[in-house]
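Chemist: Turn this into a structure:
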Amino acid sequence: MQVFFSSAVEELAVQGIDYPCPEPAHNIAAGLAVGNLPILMRQAAGDEIFDHGQAKDFQFRFSPRVANGICQLVGETLFDIVLISGELFPLVPADRLSAFLTQLARRHDPELLCLVRDPFDFLLSMWKQQVRAQLFTQGFEAYVAEVLTGTQPASMLTYFDAMADMGCPMTVLRYERLRENIVGGTLQALKLAEPGLLAFDRPGLRINASESASRTALAIDLLQETGDPDLTDVVMRTLSARSTPAPAPEPYDPNLHARILAQFRPTIERINACLPPEDALATEVRVQDAQPLAVQETDRELARVILAELARPSSDQQQDNRHPALPMGFDPAVYLLRNPDLVAAGVDPISHFLTSGRKENRPWRLRRDVPAPSTGQGTPRSET
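Modeler: Take a look at the predicted model:
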């Protein structure tokens, strides 16, 4: 959905809708779309830096200065509707978010749109995303345990009550009901379902596909084995580029599900009060046998092949195309491996890095200088 908004800025503008500060193309191509809120924050705060690796500090960055800046940006727009999108929004402390919405409501009519989904599937998806970003490097059961103890926030379950208490009009949608056409369903809920927007190409369906639980578990195994986040990232990206995962059922643990439902039952009931009865979240475990989480052997074997390939000496192209402006150790083959959208575009890696890749802070090395911890929550990654 966030990829769609960033890609359809002109089409939205024709309908009188402003989507300010769309995400850069290289973020979208890398599947790192998190909405325009972080970029709005950076613009509103002047020179303050905000990037994907600093998401854990998000709550400290939504300062009164940022709130004032965003309100000013909204006030200066020539459009009737302004969309601010971001799965990071719930991480803003309730008092700051409430103050921001109150300030915004003095001149405008803010509304909140919240997508909810089955709590077990929601946490499974959150776990995959956190592992993909290397902000969490343990198994799903460990992730659920940290959510239940409050160590890990889970936006829908942890923050829904606070957002519902802010007195701002809020529309709640069931994700599973919109899964086949989440953009169209969201546009309809926003009363923006114009034919031109509904017909717009949906690049997010190809770019930001969810990783399977099996491959997420494989990423954890590789990270623990190698102790190298960047090497793991390259292997997993190469694996995704070379092979489509074989169909396999997602894991299910009724005991974990029961603990999630027990912990968040009041919040789930409050969510259900905002939904039509047919869209209500389940309040009991499924009539379904346990499905263990296991790594598919075909993926594990291909990962071994990729690791062996990466263990070979640097490509001959590195020696043949040495450029004085390139950083020491730059390998064009590794640069392409770490930026698969460039392979699809057919660009020359050296020319791209020198003209734009360096400015975009594109990753170009296989390994970092400092090894990352192999368990627990990861630290923000340095790519340069």
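Chemist: For the rest of this, base every contact and every neighbour count on C-alpha atoms.
Modeler: Noted.
Chemist: So residue 285 belongs to a strand, correct?
Modeler: No: under DSSP: H, G, I helix; E, B strand; the rest coil, residue 285 sits outside any strand and is assigned coil.
Chemist: can I assume it is in contact with residue 254?
Modeler: Yes: between residue 285 and residue 254 there is a contact at 6.1 Å, judged by Cα atoms under 8 Å.
Chemist: helix/strand/coil for the closest residue to residue 28 other than its chain neighbours?
Modeler: Leaving aside its chain neighbours, residue 28 sits nearest to residue 3 (6.3 Å; criterion: Cα to Cα, 6 or more residues apart in numbering). Secondary structure, three-state DSSP: residue 3 is helix.
Chemist: ok, residues contacting the host helix or strand of residue 101?
Modeler: Using DSSP states H and E, residue 101 falls within helix 94-105. By Cα atoms under 8 Å, 6 or more residues apart in numbering, the residues outside helix 94-105 that reach it are 62, 63, 64, 67, 68, 71, 110, 162, 163, 166, 168.
Chemist: Identify the residues contacting the first one.
Modeler: Residue 62 sits next to 41, 92, 96 when contact means Cα under 8 Å, 6+ apart.
Chemist: Can you pull the poorly scored residue ranges out of the chain?
Modeler: 26-27, 29-32, 46-59, 201-210, 312-322, 344, 367-384 (pLDDT under 70).
Chemist: Which phi and psi values does residue 252 adopt?
Modeler: phi -150, psi 130 (degrees, to the nearest 10).
Chemist: Spit out the contact partners of the nearest residue to it once chain neighbours are set aside.
Modeler: Sequence neighbours aside, residue 291 is the residue nearest to residue 252 in space, at 4.7 Å (criterion: Cα to Cα, 6+ apart). By Cα under 8 Å, 6+ apart, the contact list for residue 291 reads 249, 250, 251, 252, 253.
Chemist: so how far is the longest helix seen in the chain from its chain's centroid?
Modeler: Longest among the helix segments of the chain by residue count, using DSSP state H, is helix 254-273. Mean-position distance between helix 254-273 and its chain equals 24 Å (Cα atoms, centre = their mean, to the nearest Å).
Chemist: Give me the contact list for that helix.
Modeler: For helix 254-273, contacts defined as Cα under 8 Å, 6+ apart pick out 119-120, 141, 144, 148, 157, 160-161, 172, 279-281, 283-286, 288-290.
Chemist: Would you show me how to pick out the buried ones of the residues you listed in PyMOL?
Modeler: In PyMOL, this line selects whichever of the contacts of helix 254-273 come out buried by 16 or more other Cα atoms under 10 Å:
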select buried, resi 119+120+144+148+157+160+161+172+279+280+281+283+285
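Chemist: among the contacts of helix 254-273, which are in strands?
Modeler: Among those, DSSP state E puts residue 172 in strands.
Chemist: For stretch 3-17, could you pull out the residues that count as buried?
Modeler: 3, 4, 5, 6, 7, 8, 9, 11, 12, 15, 17.
Chemist: Quick one: end-to-end distance for that stretch.
Modeler: 16 Å (Cα to Cα, to the nearest Å).
Chemist: repeat for stretch 343-361
Modeler: 17 Å.
Chemist: May I see the buried residues of it?
Modeler: 349, 350, 353, 357.
Chemist: from those residues, which single one is nearest residue 176?
Modeler: Nearest to residue 176 among those, counting by Cα to Cα, is residue 357 at 37.7 Å.
Chemist: Can you give me the neighbour number for residue 268?
Modeler: Neighbours of residue 268 under the rule other Cα atoms under 10 Å: 23.
Chemist: now do residue 142
Modeler: With other Cα under 10 Å as criterion, residue 142 counts 14.
Chemist: what about it, distance to residue 149?
Modeler: 11 Å.
Chemist: would a markdown table of the contacts of residue 291 with neighbour count and distance to residue 197 be doable?
Modeler: A markdown table is the format used below for the contacts of residue 291 (neighbours: other Cα atoms under 10 Å; distance: Cα to Cα, whole Å):
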| residue | neighbour count | distance to residue 197 |
| --- | --- | --- |
| 249 | 12 | 34 |
| 250 | 14 | 33 |
| 251 | 16 | 36 |
| 252 | 18 | 37 |
| 253 | 17 | 40 |
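Chemist: Dump those to TSV, plus distance to residue 332.
Modeler: Output for the contacts of residue 291, formatted as TSV (distance: Cα to Cα, whole Å):
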residue	distance to residue 332
249	38
250	37
251	38
252	42
253	44
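Chemist: list the contacts for residue 326?
Modeler: Counted by Cα under 8 Å, 6+ apart, residue 326 has contacts residue 354.
Chemist: Please renumber the chain so that the first residue is 47 from this point on.
Modeler: Fine by me, first position is 47 from now on; the one you just mentioned is residue 372.
Chemist: ranges for the helices of the stretch 197-346 of the chain?
Modeler: Along the stretch 197-346 of the chain, counting by DSSP state H, counting those that start in this stretch, helices occupy 201-210, 221-224, 228-235, 241-244, 250-253, 259-272, 275-288, 300-319, 343-356.
Chemist: Against which helices or strands is the last one packed?
Modeler: Helix 343-356 sits against helix 275-288, with contacts defined as 3 or more Cα pairs under 8 Å, 6 or more residues apart in numbering; DSSP states H and E.
Chemist: Need the CA coordinates for the helix it packs on. CSV is fine.
Modeler: Taking Å, rounded to 0.1, in the frame of the first residue of the first chain, the C-alpha atoms of helix 275-288 are listed here in CSV:
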residue,chain,number,x,y,z
PRO,A,275,24.5,-9.6,9.0
ASP,A,276,25.6,-8.4,5.6
LEU,A,277,26.7,-11.8,4.4
THR,A,278,23.3,-13.2,5.5
ASP,A,279,21.5,-10.4,3.7
VAL,A,280,23.4,-11.1,0.5
VAL,A,281,22.6,-14.8,0.7
MET,A,282,18.9,-14.3,1.4
ARG,A,283,18.5,-11.7,-1.4
THR,A,284,20.3,-14.0,-3.9
LEU,A,285,18.2,-16.9,-2.8
SER,A,286,15.0,-14.9,-3.4
ALA,A,287,16.3,-13.8,-6.8
ARG,A,288,17.1,-17.3,-7.9
